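Trainee: I would like the atomic coordinates for the input below:
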Amino acid sequence: MLSPLLALAAVLFYGGALVDPRGYSPIAKELAERYGLAVSIPIFNNDIAFVGCESDRLKLAGRAFPTVEKWVIAGHSMGGIGVMSE
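Mentor: This is a model prediction of the structure:
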């Protein structure tokens with residue numbers, strides 16, 4: 001297994017409105033274990049990602065995973081709206 005802490009690629013994933021971010025942990029685990037990707041799933045107030053637009057979550061994720069050179073940014077449902085501002 002590749003270590004996500006040394007990953008060169010990563011996924012920043014914004015969850016859907018009112019969805020507990022922990023609900024995405026199975027897919028995050030799969031991406032990390034199978035593909036060696038670092039995965040960041042930010043937590044937002046009231047679990048609503050699109051309210052926190054321009055949140056700099058990508059910069060924060062970059063600090064958490066400094067070896068990452070390429071980011072895939074994705075979102076589920078209303079999280080897709082929030083991710084467009086990154």
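Trainee: Please name the bridge partners of the spatially closest residue to residue 61 that is not a sequence neighbour.
Mentor: Ranked by C-beta to C-beta, 6 or more residues apart in numbering and with sequence neighbours excluded, the top spatial neighbour of residue 61 is residue 40, at 3.8 Å. For glycine as for every other residue, the C-beta is placed from the backbone atoms N, C-alpha and C. Beta-bridge pairing for residue 40 (DSSP bridges): residue 12.
Trainee: my guess is residue 40 meets residue 65, correct?
Mentor: Yes: assessed by C-beta atoms under 8 Å, residue 40 is found in contact with residue 65 at 7.1 Å.
Trainee: shared neighbours, the two?
Mentor: Common contact partners of residue 40 and residue 65 (C-beta atoms under 8 Å, 6 or more residues apart in numbering): residue 10.
Trainee: which helices and strands sit right next to the helix or strand of the chain with the lowest mean pLDDT?
Mentor: Using mean pLDDT, DSSP states H and E, the weakest-scoring helix or strand in the chain turns out to be helix 79-83, at a mean of 81. Packing contacts for helix 79-83, counted by 3 or more C-beta pairs under 8 Å, 6 or more residues apart in numbering; DSSP states H and E, involve strand 9-14, strand 70-75.
Trainee: can you rerun that using 6 Å?
Mentor: Applying 3 or more C-beta pairs under 6 Å, 6 or more residues apart in numbering; DSSP states H and E, one finds that helix 79-83 contacts strand 9-14.
Trainee: How about residues contacting the strand it packs on?
Mentor: 31, 37-41, 49, 58, 61, 65, 68, 70-75, 79, 82-83 (C-beta atoms under 6 Å, 6 or more residues apart in numbering).
Trainee: With that, I have no additional questions.
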